[in-house]
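Engineer: sequence plus the predicted model coming up.
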Amino acid sequence: METLVVIVVVVLVFLLLGLTTEFVTGRWFVTRWLLFGGLGAMGVLLLILALFAGVMIGSSGTDTSDSGLEQRQAEEGAAGEAQRDPQPEPEPEPAAPLEFSGTGPQATEQFDLSAGLARFEMTYDGERYFIVELLDDEGNEIGMSLANTTGSYDGSQAVQIPEDGTYLLNVDTLEGNWTIRVQQ
């Protein structure tokens with residue numbers, strides 16, 4: 001393969017530089033150097049040797065074995081992977097919802113919430129008022145009441161939790177069963 005490359009390069013040089021040849025006594029001779037006006041036989045020989053050396057030097061750093069090819073492809077693949085946009089990390093699955101239920105007025109046990117949006121799904125089957133408040137660990141109400149109605153209720157409310165912390169729900173009603181699910 002390398003020999004073929006050398007032959008092609010030499011022929012191209014002859015064609016590009018305008019060398020003319022002449023067949024004399026069974027051999028081809030360079031008779032005229034059209035571009036540079038007579039470089040001479042020694043100059044042509046040096047030019048051919050320089051071209052041959054250049055081709056050999058240029059091809060000596062090329063690994064044509066299968067293992068070299070595979071290694072280059074692996075390196076290029078690794079470099080390509082590094083340049084691509086990193087894959088976004090999957091978002092963590094939401095935590096299982098907390099569920100509280102009871103009858104009449106009471107405060108739930110304390111539970112932890114992270115800063116961000118939380119959803120409160122509430123049901124109530126009584127006839128009287130139903131008020132639900134979200135309180136922080138110091139007893140301060142977070143936002144407005146989650147529910148404040150009279151009669152049976154089935155609804156939900158989203159609340160922006162200001163910071164990671166411990167919270168509880170204060171349920172105020174005189175009678176009736178209630179259920180509250182907290183999802184974040």
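Structural biologist: That came in fine, so what should we check first? Numbers count the residues shown, from 1 in each chain.
Engineer: and stretch 118-127, what's buried?
Structural biologist: Neighbour-count burial for stretch 118-127, with 16 or more other CB atoms under 10 Å as criterion, is recorded at 118, 120-124, 126. (C-beta placed from N, C-alpha, C; glycine too.)
Engineer: wait, what's in contact with the residue lying closest to residue 100 once chain neighbours are set aside?
Structural biologist: Excluding the flanking residues, the one nearest residue 100 by CB to CB, 6 or more residues apart in numbering is residue 108, at 4.4 Å. Residue 108 makes contact with 100, 102, 168-171, 180, according to CB atoms under 8 Å, 6 or more residues apart in numbering.
Engineer: ok, now with 7 Å
Structural biologist: 100, 168-169 (CB atoms under 7 Å, 6 or more residues apart in numbering).
Engineer: which one (most neighbours) among these?
Structural biologist: Highest neighbour count within the contacts of residue 108: residue 169, with 23 neighbours (other CB atoms under 10 Å).
Engineer: wasn't that one part of a helix?
Structural biologist: No - counting by DSSP: H, G, I helix; E, B strand; the rest coil, residue 169 falls outside a helix, being strand.
Engineer: rewinding a little: which one of the contacts of residue 108 is nearest residue 160?
Structural biologist: residue 169 (16.3 Å; CB to CB).
Engineer: pLDDT below threshold where in the protein?
Structural biologist: Residue ranges of the chain with pLDDT under 70: 1-2, 4-85, 92-94.
Engineer: domains of the chain?
Structural biologist: Following automatic domain parsing, one finds the domains of the chain at 2-64, 98-183.
Engineer: what separates the residue nearest to residue 100 from residue 151, distance-wise?
Structural biologist: Going from residue 108 to residue 151 by CB to CB, to the nearest Å gives 22 Å.
Engineer: which residues touch stretch 143-156?
Structural biologist: By CB under 7 Å, 6+ apart, the surrounding residues in contact with stretch 143-156 are 119-134, 157, 159.
Engineer: torsion angles phi and psi at the closest residue to residue 163 other than its chain neighbours?
Structural biologist: Excluding its sequence neighbours, the residue lying closest to residue 163 (CB to CB, 6+ apart) is residue 115, at 5.0 Å. Per-residue torsions, residue 115: phi -60, psi 140 (degrees, to the nearest 10).
Engineer: wait, is residue 87 part of a strand?
Structural biologist: No - counting by three-state DSSP, residue 87 falls outside a strand, being coil.
Engineer: tell me how many other residues surround it.
Structural biologist: Residue 87 has 6 nearby residues by other CB under 10 Å.
Engineer: all helices of the chain, in order?
Structural biologist: Remark: helices assigned in the chain by DSSP state H are 2-17, 40-60, 66-83.
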